[in-house]
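Visitor: What follows is a predicted protein model with its sequence.
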Amino acid sequence: MSTPAYRKRSIGSHALQPSTLMMGYGYDPALSEGAIKPPLFQTSTFLFSSAEEGKAFFEIAYGLREKREGEELGLIYSRINNPNLEVLEDRLAVLDRAEASASFASGMAAISTALWAFNRPGDVILYSEPVYGGTEYLLKHILPQFGIRTVGFAAEGGCEAMHAVAREAAALGPVTSIYIETPANPTGGLVDIAEARKLSESLAKGDKRPPVLVDNTMLGPLCQFPLDLGADLSIMSLTKYVGGHSDVIGGSVSASGEWLAPVKVMRTILGTMPDPHTCWLIMRSLETLHLRMRECVSNARRVAAFLAEHPMVASVWYLEHLPADHPDRAVYEKQCLSAGSTFAFEVVGGEAEAFRVLNALQHIKLAVSLGGTETLASHPSSMTHSDFASEDKRRLSISDALIRVAVGVEDADDLIADLAQALAGLSSL
């Protein structure tokens, strides 16, 4: 893989950090009347200087040939590229430590476009469980309609489970993708990314192997770097930490140029890219991402510590609390820089008790997203993972007593006070 351009950005011998590059990387104010921030390019189409130039741009955009040395894809049409789209993708590549990045209209658009790019009828996708409910539905109910088989392995089963199920999957047909969500939503189960890469290499046919795709949404772009760990494509819902204000929907896929090329061609044809205004909004949010995530993570540590000591809380699934002898502990220390700010806990009781707590919250919002400035709480079993079969919920420990909390940037003491009064209602039962 070639060296990403951002790694060469420096002041003398001092390399600039991603938090600094978010303020201007990929944009030249001189090209836009000196505007210090990129303007919103609310335009659908762009002029070519010649017919030959138009031909060359389309050849590259549709993957008809490789770029020549020094050649760049010019602006064509906002379904293919747009100044806001391109600046955003340059900055996302910085965050993901990637050669390149592609943005999408939603996290599910990123996931589905990437999977369509690498899988065809007769192929088999190996994936970790549990995953986000929308991803689960795509894997179990949509892709099989097109002759693509999908086989899941429990993240909690560790490397042994992954390899055992891989053998079963290979017996069904060629394994053409390994899809991982780590940490898993909502359980926090971890999958060893480096081990998944080794598995991919063992499944290679000649010089072709199945790509390792990692959904990095639960930790975001600052707490885990899948590409550094052996993943081929790193996927995120930009709606979450990157967007961060619960006012925009988006997704991304970061990878080497080689792995990203078929994904971008598929995006061009499916039309799953974001509009210019969405790109502009996400770029605005990137400037404060480091500040927001730092505060969210700090708050989550305090909230998790409070819940761990509460008598009406049966368990707290917070990665920093993993015991030294837990099988996920070594994986956590190897590939995660922190536990992030989204985790789950079980109350004493079941659905009725979980609902009682959720309904009693006064500041924390009852909603299903994560990574925003505000703190949210939800009930995975009946909400984000409601389409899971009952037996799958039991197998994957998505119990009726489970509550997921996504901690925001508010004062941590205020969040603890709200949870304390909501949980107090259980002790009176």
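Guide: Now that the structure is in, tell me what you want to look at. Numbers count the residues shown, from 1 in each chain.
Visitor: Please make it C-alpha for all contacts and neighbour counts, starting now.
Guide: OK.
Visitor: what about residue 12, neighbour count?
Guide: Neighbour count for residue 12, taken as other C-alpha atoms under 10 Å: 7.
Visitor: actually residue 389, not the one I typed
Guide: Count around residue 389 with other C-alpha under 10 Å applied: 10.
Visitor: Would you report the backbone torsion angles of it?
Guide: The phi and psi torsions at residue 389 (degrees, to the nearest 10) take the values phi -60, psi 150.
Visitor: Could you do residue 63 as well?
Guide: Dihedral angles (degrees, to the nearest 10) for residue 63: phi 70, psi 30.
Visitor: And it, how close does it get to residue 322?
Guide: Using C-alpha to C-alpha, to the nearest Å, residue 63 is found at 46 Å from residue 322.
Visitor: can you list contacts of the host helix or strand of residue 278?
Guide: For residue 278, the host element (DSSP states H and E) is helix 276-286. Helix 276-286 has contacts (C-alpha atoms under 8 Å, 6 or more residues apart in numbering) with 22, 38-42, 78, 82, 84-85, 88, 238, 242-245, 248-250.
Visitor: Kindly report the same for stretch 48-61.
Guide: Residues contacting stretch 48-61 (C-alpha under 8 Å, 6+ apart): 65-67, 73-76, 80, 265, 268.
Visitor: Looking at these, state which has the most neighbours.
Guide: The most crowded member of the contacts of stretch 48-61, judged by other C-alpha under 10 Å, is residue 80 (21 neighbours).
Visitor: show me what contacts that residue?
Guide: Per C-alpha under 8 Å, 6+ apart, neighbours of residue 80: 61, 268, 273.
Visitor: Please repeat the previous calculation with a cut-off of 10 Å.
Guide: 44-45, 58, 61-62, 264-265, 267-269, 271-273 (C-alpha atoms under 10 Å, 6 or more residues apart in numbering).
Visitor: cool, and residue 116?
Guide: For residue 116, the contacting residues are 143, 148, 262-263, 266-267, 270, by C-alpha under 10 Å, 6+ apart.
Visitor: In this structure residue 358 contacts residue 422, no?
Guide: Yes. Residue 358 lies in contact with residue 422 (C-alpha atoms under 10 Å); the separation is 7.4 Å.
Visitor: Which parts of the stretch 151-300 of the chain are helices?
Guide: 158-172, 193-202, 220-223, 257-270, 276-286, 289-308 (DSSP state H, counting those that start in this stretch).
Visitor: Can you pull the poorly scored residue ranges out of the stretch 1-150 of the chain?
Guide: 1-8 (pLDDT under 70).
Visitor: tell me the contacts of the nearest residue to residue 411 once chain neighbours are set aside?
Guide: Nearest non-adjacent residue to residue 411, counting by C-alpha to C-alpha, 6 or more residues apart in numbering: residue 299, 7.6 Å away. Applying C-alpha under 10 Å, 6+ apart to residue 299 gives the contacts 293, 340-341, 407-413, 415-416.
Visitor: how much space between residue 83 and residue 233?
Guide: Distance, residue 83 to residue 233, using C-alpha to C-alpha: 23 Å.
Visitor: Have a look at those two and say which one is more surrounded.
Guide: Neighbours were counted for residue 83 and for residue 233 using other C-alpha under 10 Å; residue 233 has more, 25 against 22.
Visitor: ok so, going back, buried members of the contacts of helix 276-286 into ChimeraX, please.
Guide: Listed next is the ChimeraX selection for buried residues among the contacts of helix 276-286, using 16 or more other C-alpha atoms under 10 Å:
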select :22,38,41,78,82,84,85,88,238,242,243,244,245,248,249,250
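Visitor: where exactly do the strands run in the stretch 301-429 of the chain?
Guide: 313-317, 342-347, 365-366, 376-378, 402-406 (DSSP state E, counting those that start in this stretch).
Visitor: highest average neighbour count across the ones you listed?
Guide: strand 402-406 (a mean of 27; mean count of other C-alpha atoms under 10 Å).
Visitor: Next, the angle from that one to helix 289-308.
Guide: Angle, strand 402-406 to helix 289-308, by axes from the mean of the first three to the mean of the last three C-alpha atoms, to 10 degrees: 150 degrees.
Visitor: what angle separates strand 402-406 from strand 342-347?
Guide: Using the same axes, to 10 degrees: strand 402-406 against strand 342-347 is 150 degrees.
Visitor: Report the angle between the helix holding residue 278 and helix 289-308.
Guide: Inter-element angle recorded for helix 276-286 and helix 289-308: 70 degrees (by the same axes, to 10 degrees).
Visitor: Surely residue 252 is in contact with residue 98?
Guide: No. The criterion here is C-alpha under 10 Å, and residue 252 misses it with residue 98 at 11.8 Å.
Visitor: For those two, list the residues in contact with both.
Guide: Joint contacts of residue 252 and residue 98 (C-alpha under 10 Å, 6+ apart) are 92, 233-234.
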